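Student: coordinates for the following, if possible.
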Amino acid sequence: MFYHVLFPLRDLWFGFNVFRYITFRASMAAVTSFAICIVFGPLIIRWLRQLNIGQYVRKQHVDDLSEFHRTKEGIPTMGGILIMVSVIVSSLLWCRLDNDLVILVLGGMVWLGVVGFVDDCIKLRNKSAKGLAAFTKLAGQTVLALIIGLFIIRNSGMGSDVYLPFIKKAVINLGPFYVLFAWLVIVGSSNAVNLTDGLDGLAIGCMLFVAVTYAIMAYVTGNAVISRYLHIFHLPGSGELTCFCAALVGAGLGFLWFNGHPATVFMGDTGALSLGGSIAIISVLLKKEVLLFIVGGIFVMESMSVIIQVMSFKIRKKRVFLMSPIHHHFQIKGWPESKITIRFWIISAILALLGMASLKVR
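Tutor: This next block holds a predicted model:
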């Protein structure tokens, strides 16, 4: 909004010219979303407490992780509302609203946030760990994924190509099957973040590194000169997604202020689905889908641990991990919660650096 209102006034005062620069608006988007979280965070947490919207702990935790999870029961969940409001407000203020990519990502975040919100509400109403039926939740994610996939393959500037990182000119054209690939990335990412959200600050901390990486990717992808120099896919207008990613970083830091150990609020499915889905949408728009499997390696590891555990138990009647997702495995082994979280953050930081290295190592 600021771009559309203030930039045209640059002839009246040269200072308004600063609104043309993505780097300035991205920085301010991060600061704005962080400030919104810090200012309104206590109010939203207090409001959630008054509504008795607290974390429910599954009964099976009594045997496995009772000491770890007993203290978490009753802590306000659905804190993802705070993240979503911060990101959306900040993006509306600092992004160019005539950019289709920004509108698409914002719409996707809201859509998945609503799916997660309904899921959280059902859990709270039934006082159970079971929310939406798996098929219903998957249907909601699938509708969005199909819209995004069809938008991309019908856009002449994007197409159905998949670019492989670290390999020069390695491009695979999936044709109409790209829609299925986009579905896998979007649905898989949103659910993976949801699985990772099991320890204080774990999911949001790892998401920060992913968001920073894709902020950089969006900027270089949208810059014709830089993308030509790096020999990467160029998408005009994608630089505006830098502002959205920056808003995500600011909101993530603000939420971590309250979600760090010991957490006073959890993001719930409202936050996890919207965060994972929005970053996945950005990855497919930028043609950096495969890179998400590297940069978001922690989320992939968490998801794979669940898949391996389920398959092993069904086939061999034995468990590979003491408990899945894998962060619970380390808890049962006796690792302190903060140590698990920080070490997973470190791995995420290394994977983010590896992802950024892919811009030059080709």
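
Student: select the longest helix from the protein.
Tutor: helix 22-50 (DSSP state H).

Student: for that helix, packing partners?
Tutor: Contacts defined by 3 or more Cβ pairs under 8 Å, 6 or more residues apart in numbering; DSSP states H and E place helix 22-50 against helix 80-94, helix 202-222, helix 241-259. Bear in mind the C-beta positions are built from the backbone N, C-alpha and C, glycine included.

Student: ends of stretch 146-163, how far apart?
Tutor: Stretch 146-163 has an end-to-end distance of 20 Å (criterion: Cα to Cα, to the nearest Å).

Student: tell me the mean pLDDT for the helix or strand harbouring I315?
Tutor: In this assignment (DSSP states H and E), I315 forms part of helix 297-316. On average, the pLDDT along helix 297-316 is 96.

Student: residues in contact with that helix: which ones?
Tutor: 188-189, 191-193, 195-196, 206, 276, 293, 318-321, 324-327, 329, 344, 347-348, 351 (Cβ atoms under 8 Å, 6 or more residues apart in numbering).

Student: using CSV, list the CA coordinates for the helix or strand following it.
Tutor: Next helix or strand after helix 297-316 toward the C-terminus (DSSP H and E): helix 326-332. Only the C-alpha atoms of helix 326-332 are listed here, as CSV (Å, rounded to 0.1, in the frame of the first residue of the first chain):
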residue,chain,number,x,y,z
ILE,A,326,12.3,-37.9,15.5
HIS,A,327,12.5,-35.0,18.0
HIS,A,328,10.6,-37.2,20.4
HIS,A,329,13.1,-40.0,19.9
PHE,A,330,15.8,-37.8,21.3
GLN,A,331,13.6,-36.6,24.1
ILE,A,332,13.1,-40.2,25.3
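
Student: so which elements touch helix 326-332?
Tutor: So helix 326-332, by 3+ Cβ pairs under 8 Å, 6+ apart, packs with helix 297-316, helix 337-357.

Student: now do the buried residues in the last one.
Tutor: For helix 337-357, the buried set under the neighbour-count rule, 16 or more other Cβ atoms under 10 Å, comprises 337, 340-341, 344-345, 348, 351-352, 354-356.

Student: and what of the shortest one?
Tutor: By 16+ other Cβ under 10 Å, the buried positions in helix 297-316 come out as 297-303, 305-306, 309.

Student: returning to what we had before: let's see the PyMOL selection covering just the buried ones among the contacts of helix 297-316.
Tutor: Buried residues among those (16+ other Cβ under 10 Å), as a PyMOL selection:
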select buried, resi 188+189+191+192+193+195+196+206+276+293+321+324+325+326+327+329+344+348+351
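
Student: contact partners for L101?
Tutor: 235, 237-238, 240-241, 285.

Student: compare the residues you listed and tell me which is most surrounded.
Tutor: Of all the contacts of L101, the highest neighbour tally under other Cβ atoms under 10 Å goes to L241, namely 30 neighbours.

Student: give the contact list for it.
Tutor: 101-102, 105, 214-215, 218, 222, 282, 285-286.

Student: what subset of these is buried?
Tutor: 101-102, 105, 214-215, 218, 222, 282, 285-286.

Student: save the residues you listed as a markdown table, and put in pLDDT too.
Tutor: Compiled in a markdown table, the buried ones among the contacts of L241 are given as follows (pLDDT from 0 to 100):
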| residue | pLDDT |
| --- | --- |
| L101 | 96 |
| V102 | 97 |
| V105 | 98 |
| Y214 | 98 |
| A215 | 98 |
| A218 | 98 |
| G222 | 96 |
| I282 | 98 |
| L285 | 96 |
| L286 | 96 |
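
Student: skip the chain neighbours and tell me the closest residue to L248.
Tutor: Nearest in space to L248, with sequence neighbours left out and distances taken as Cβ to Cβ, 6 or more residues apart in numbering, is A211 at 4.4 Å.

Student: burial count for that neighbour?
Tutor: 28.

Student: before we move on, what about the one 5 residues further on?
Tutor: Neighbourhood size, I216 [other Cβ under 10 Å]: 15.

Student: so what pLDDT did the residue lying closest to it once chain neighbours are set aside get?
Tutor: The spatially closest residue to I216, leaving aside those adjacent along the chain, is M356, at 6.2 Å (Cβ to Cβ, 6+ apart). Confidence at M356, expressed as pLDDT, is 96.

Student: M356 and I294, how far apart?
Tutor: Between M356 and I294 the computed distance is 10 Å (Cβ to Cβ, to the nearest Å).

Student: the helices and strands packed on helix 326-332: which one's closest to C37?
Tutor: Of all the helices and strands packed on helix 326-332, helix 337-357 sits nearest to C37, with 18.8 Å by Cβ to Cβ.

Student: any chance of the helices and strands packed on helix 22-50 in a markdown table, plus distance to R25?
Tutor: Shown next, in a markdown table, are these (distance: least, Cβ to Cβ, whole Å):
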| stretch | distance to R25 |
| --- | --- |
| helix 80-94 | 4 |
| helix 202-222 | 11 |
| helix 241-259 | 5 |
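
Student: returning to that earlier point: and which of the contacts of L241 is nearest L12?
Tutor: Nearest to L12, judged by Cβ to Cβ, of the contacts of L241 is V102 at 26.6 Å.
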